[in-house]
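Enquirer: Provided below are the primary sequence and the corresponding predicted coordinates.
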Amino acid sequence: MFRWLPHRVRAWPAKVRRRIVFHWLAREKDGLGFFTMLSLPAVALGSIIFFAYSDRPRVTERQVDAARQREVDLQCLAENIYYEARGEPLDGQYAVAEVTLNRLRSPHFPNTICEVVYDTRWDPSRLRFVGHFSWTELEDRDEPWGPAWEQAKVIAERVYDDAYMPVVPADALYYHARTVRPYWARSRRVVAEIGNHVFYR
């Protein structure tokens, strides 16, 4: 009963093509109008697609790289706050983050936050290179976690985005715990004492 249906479906595109060619060859008065009407759906669809995508912000490769770098920077900065000052008052944690970024801006230290955090110096008393931040030398340190880690991430982001009031001067590049007295402290000037840390320029 429906044997004719596949034949008609296959024949339909050919019939449409013949009609279009016929109208084009006949070139009646309204032939131009016919082709204009025929092209309207394609033009309308193209316009919709164009306007739908033209307002979307285009993410460039540079923006993707910047977003990745920000993520890495914030991770290293938050780790430094966590391991160096998680038991300190809030101002002390901000001060540690500030010193880290102050070093980034200084020509005497590396050019990325992670390089600043993992930087080493020669220690004449131990006759070896040691980390500027002692936690970086601990191989068995625990992974950061809990409320202290969440707070460190918030502080890192605020300091990174410069969305807070600074606690120590922009030239504060050094600090140490009150329980130690490093050799370099004699040649530096104290700029702040916060919690268990003394900060120097």
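Expert: That came through, no problem. Here the structure is a predicted model, which is why all the values come from computation and not from measurement. Numbering: from 1, shown residues only.

Enquirer: A strand includes Val198, no?
Expert: Yes. Counting by DSSP: H, G, I helix; E, B strand; the rest coil, Val198 is part of a strand.

Enquirer: pretty sure it contacts Val180?
Expert: No. Taking contacts as CB atoms under 8 Å, Val198 lies outside contact range of Val180: 9.7 Å. For the C-beta atoms, the positions are set from N, CA and C on the backbone; glycine is no exception.

Enquirer: which of the two has more neighbours?
Expert: Each of Val198 and Val180 has its neighbours counted (other CB atoms under 10 Å); Val198 has more, 19 against 9.

Enquirer: okay, the more buried one: pLDDT?
Expert: Note on Val198: pLDDT of 98.

Enquirer: report the beta-bridge partner residues of it.
Expert: Bridge pairing for Val198 (DSSP bridges) gives the partners His176, Glu193.

Enquirer: check contacts around the nearest residue to Lys153 once chain neighbours are set aside.
Expert: Take Lys153 and drop its neighbours on the chain: the residue closest to it by CB to CB, 6 or more residues apart in numbering is Ala78, 4.6 Å away. By CB atoms under 8 Å, 6 or more residues apart in numbering, Ala78 lies in contact with 144, 149, 152-153, 155-156.

Enquirer: let's go with 10 Å and repeat that
Expert: If a contact means CB atoms under 10 Å, 6 or more residues apart in numbering, then Ala78 has 97, 144, 149-157, 159-160 as its contacts.

Enquirer: report pLDDT for the nearest residue to His132 once chain neighbours are set aside.
Expert: In space, His132 comes closest to Asp119 once its chain neighbours are excluded; the distance is 5.0 Å by CB to CB, 6+ apart. You'll see Asp119 listed with a pLDDT of 97.

Enquirer: confirm for me that Asp119 is in contact with Leu173.
Expert: No. Using CB atoms under 10 Å, Asp119 is not in contact with Leu173, being 11.7 Å away.

Enquirer: still on that earlier bit, highest neighbour count among the contacts of Ala78?
Expert: With neighbours taken as other CB under 10 Å, the top of those is Ala97, carrying 27 neighbours.
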